[in-house]
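J.: Curious how this folds, go ahead:
(2 chains)
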Amino acid sequence: MQQVKRKFKSKSAVILDIVAYIILVVTLVAFLFPIYWMVITSFKRPIDTTTPTLIPFVDFQPTPNTWIDLLFGTRSAQTLKALFNSIIIATTSATFCVVMGGATGYGLSRFRFEKWKNRDIAMFILAQRMMPPAVVLVPIFLLFNFWRMMDTQLAIILAHTAFNLPFAVWILRDFFEEIPKEIEEAALVDGCSRIEAFLKISLPLIAPGLVVAWIFCFAFSWNEFLIVMILSYSKAVTLTWLIATGPNFYALEYWTISTWGTIAIIPPMILAVLIQKYIVRGLTFGVVKG
Amino acid sequence: MSDFGDTIMEKFNNYNISLMVESKVTSTWIGGFQQLKSSRGGASKKGFTLERYVKYLFVAPTIIYLLILLIFPTIFNIYISLHKWLIGMSPRFTGGENYVKLFTDSRFLNDVIVTFKFVIIAVCLEVGLGFLLALAAFRVARGVKIFRVLFIFPVMVAPIASGYMWRMLLHADYGVIPNLLVKLGFPRMEIISNPKLAFWGIILIDVWQWTPFVFLVIYAGLNVLPREPYEAALVDGASSWQIFRYITLPLISPIIFTVTLLRIIEAFKIFDIIYITTGGGPGIITESLSLYVYIQALKFFNLGYAASAAWIFFLMVMVLTTLYIMRLRKEMRM
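T.: Numbers count the residues shown, from 1 in each chain, chains lettered A, B, ... in the order given. The predicted structure is shown next:
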């Protein structure tokens, strides 16, 4: 469409192009500014946070003191515990989600279920995705209390898996739908069992889908806060918990909480950039063409 | 004949012939054995049964997992809601008392309205703005890749962190935005603790966080639209407005629908941003339903009452969920 359009470019089209560019750039700056602000605040001296200082080295002298203090100094135990918990919880629950979600997504796209139709199962699972965590907050609290799992990483892992699993199933089912069934059928004819066909043929073909699903689940779990708050109070707390409760203990210590915030936003961002091509493809279901 | 059939059938069971039959790979071979099988009335059921049940192996773990950790709690929620259940005390059955209390609780009713208002306004703004941005990006194809990468960032920020960022930015004395407004001649104002502005502050943060997500999805959708209708329209001399109205809009609407659905689902859960910025205040002006359940359960320790509020919350979400799933089925022809 672009190529066709270029040939007939009129004056008004050029103006529209310029307007489009301006809209994009302005919104982009506006959308990235808060992140920029938090990152530079983590490098400010306490005195610099009381005035809106914008540019490092010009407006203020950046210092890594807060970072050193939080990672190696007096408050390092607290920070590192939360960081460690966040990593353990997010990686484990994302892996659970992809393993179970991959199998179920495959099952829903390859087999025909009779009593409950495939679409019923798929929609049932999707409906679970819509459930606000607050709805099951009380029973989940009582359940994990009953199992004596309060304030453990495992409790949060299990709860996060429950909330992200429907997403993994749904996205992976779409990835499986994309790959032609014939490849597998050929393998089955050649004497491959169904599980082998799944593990050796279909899974490698949707590898990008698995990565995308894993990263989404990782980010959901890493960023989650409500479940973490009701299931933990000291040992299993994560970075989001630290940021949320920080203002209670360090009222206006913007630099401290900004540093925690920066630590918390880095991993999902890096992961997102690494797979950015696949994120968009994943969202459009446009994997594995040909 | 029977013995011969058994041996061959067993051999073929090992080779998953049943699946070949299922997938309609037809050859005289298989056709023959299929006949054989049907004539023998499924005597060698063992292998076939195994193959038949393999599919449950794929789906069962997820279903069981969700039953234990989501469905059971949802049902257990009703049981809790029928009791006066305070933390540290033995529960006492009170029937529908919690619900009667709930519907006369002006705080709960306020929170229902706040949540709905928030969802409607925030999602409309996000979808509108995201669509506009996607159209702009689609128009100027150059440099778009970098836009696409950079727009991912706000989506990946933890809502609790984005709430904190904005709390800093909106701080009346030290924040960038109030200071900027003062320079532009406005009076200095506190947004987060202002009864008139706090709600819009929450909307602003949510729009900041999720518009890029809508943008990414719609932009991706625009890029996979078929080209033929556009070429035909250009040949016919359609104006760019006509092209947009009669080609782009109908083609992209399923994707807009999907992204709106996703946003509504997520917006209903709003908790983190409110918790860290206003905490539901000033007063209860920005208190969402999630926050209400949380406060009742873990601030007032009134689990039974919180569960009844959660159950009403669930019913409301369920109605919307059903409506959207019906739409989705139609769109996806499922």
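J.: Identify the spatial nearest neighbour of the residue nearest to the spatial centre of chain A, chain neighbours not counted.
T.: Most central residue of chain A, judged by C-alpha distance to the mean C-alpha position with C-alpha atoms, centre = their mean, is A:Ala219 at 1.9 Å. The shortest distance from A:Ala219 to any non-neighbouring residue, by C-beta to C-beta, 6 or more residues apart in numbering or on different chains, is to A:Pro268 (4.2 Å). Yep, even glycine has a C-beta here, placed from its N, CA and C like the rest.
J.: How about B:Leu320?
T.: According to C-beta to C-beta, 6+ apart, the nearest residue to B:Leu320 is B:Ile264 (6.7 Å).
J.: The one you found: what secondary structure?
T.: helix (DSSP: H, G, I helix; E, B strand; the rest coil).
J.: okay, now it: neighbour count?
T.: The local packing count at B:Ile264 equals 19, with neighbours defined by other C-beta atoms under 10 Å in any protein chain shown.
J.: where's it relative to B:Ser290, distance?
T.: B:Ile264 sits at a distance of 14 Å from B:Ser290 (criterion: C-beta to C-beta, to the nearest Å).
J.: Got the confidence number for whichever residue of the stretch 201-334 of chain B sits closest to chain A?
T.: Across the stretch 201-334 of chain B, the shortest distance to chain A (C-beta to the nearest C-beta) belongs to B:Ser290, at 3.7 Å. Predicted confidence (pLDDT) at B:Ser290: the value is 92.
J.: Counting neighbours, what do you get for the residue lying closest to A:Ser76 once chain neighbours are set aside?
T.: Beyond its immediate neighbours in the sequence, the residue positioned closest to A:Ser76 (C-beta to C-beta, 6+ apart) is A:Leu70, lying 6.4 Å away. The number of residues packed around A:Leu70, counting by other C-beta under 10 Å, is 22.
J.: Was I right to think A:Leu70 contacts A:Ser258?
T.: No - shown here, A:Leu70 and A:Ser258 do not form a contact pair, counting by C-beta atoms under 8 Å, at 10.4 Å.
J.: For the host helix or strand of the residue nearest to A:Ala219, buried residues please.
T.: Here A:Pro268, judged by DSSP states H and E, is contained in helix A:254-274. Of all the residues in helix A:254-274, those buried under the rule 16 or more other C-beta atoms under 10 Å in any protein chain shown are A:254-265, A:267-269, A:271-272.
J.: didn't B:Gly95 look like it was pressed against B:Leu82?
T.: Yes - checked against C-beta under 8 Å, the pair B:Gly95 and B:Leu82 is within contact range at 6.1 Å.
J.: and B:Trp210, what does it touch?
T.: For B:Trp210, the contacting residues are B:Ala122, B:Glu126, B:Pro154, B:Val155, B:Arg263, B:Glu266, B:Ala267, taking C-beta atoms under 8 Å, 6 or more residues apart in numbering or on different chains as the criterion.
J.: immediately after the helix or strand containing it, which helix or strand?
T.: Assigning secondary structure by DSSP H and E places B:Trp210 in helix B:198-223. Later in the chain than helix B:198-223, the nearest helix or strand by DSSP H and E is helix B:228-235.
J.: now for that following helix, which elements pack on it?
T.: If you count contacts as 3 or more C-beta pairs under 8 Å, 6 or more residues apart in numbering or on different chains; DSSP states H and E, helix B:228-235 packs onto helix A:2-7, helix B:240-243.
J.: Need the per-residue pLDDT for residue 7.
T.: If you meant another chain, say so; for now it's chain A. The confidence metric pLDDT takes the value 52 at A:Lys7.
J.: Chain B is the one I meant
T.: 47.
J.: what's near enough to touch whatever residue of the stretch 1-150 of chain A ends up closest to chain B?
T.: For the stretch 1-150 of chain A, the residue closest to chain B is A:Gly107, as judged by C-beta to the nearest C-beta, at 2.9 Å. Residues in contact with A:Gly107 (C-beta under 8 Å, 6+ apart) are B:Lys55, B:Leu57, B:Phe58, B:Val59.
J.: Filter those residues down to the buried ones.
T.: Restricting those to buried positions leaves B:Lys55, B:Phe58, B:Val59, with burial counted as 16+ other C-beta under 10 Å.
J.: is it true that the last one touches A:Tyr106?
T.: No - distance between B:Val59 and A:Tyr106: 9.1 Å, which falls outside the contact criterion (C-beta under 8 Å).
J.: Give me the neighbour count for A:Pro180.
T.: A count of neighbours around A:Pro180, defined by other C-beta under 10 Å, yields 11.
J.: now do B:Lys84
T.: For B:Lys84, which is what you asked about, the neighbour count (other C-beta under 10 Å) is 16.
J.: now do B:Thr104
T.: Residues near B:Thr104, counting by other C-beta under 10 Å, number 9.
J.: where does it sit relative to B:Ser253, distance-wise?
T.: Counting by C-beta to C-beta - B:Thr104 and B:Ser253 are separated by 42 Å.
J.: now swap in A:Phe176 and tell me
T.: Counting by C-beta to C-beta, the gap from A:Phe176 to B:Ser253 is 26 Å.
J.: what's the answer for B:Asp206, then?
T.: Applying C-beta to C-beta, one obtains 23 Å for the distance of B:Asp206 from B:Ser253.
J.: go on, B:Thr260?
T.: For B:Thr260, the distance to B:Ser253 - C-beta to C-beta - is 10 Å.
J.: quick one: which of the two has more around it?
T.: Using other C-beta under 10 Å, the more surrounded residue of B:Thr260 and B:Ser253 is B:Thr260, with 19 against 13.
J.: The more buried one sits in which helix or strand?
T.: Under the criterion of DSSP H and E, B:Thr260 resides in helix B:249-268.
J.: neighbouring contacts of that helix?
T.: With C-beta under 8 Å, 6+ apart as the test, helix B:249-268 has contacts from A:129-130, A:132, B:115, B:118-119, B:122-123, B:126-127, B:130-131, B:206, B:210, B:213-214, B:217-218, B:221-222, B:225-226, B:229, B:289, B:317, B:320-321, B:324, B:327-328, B:331.
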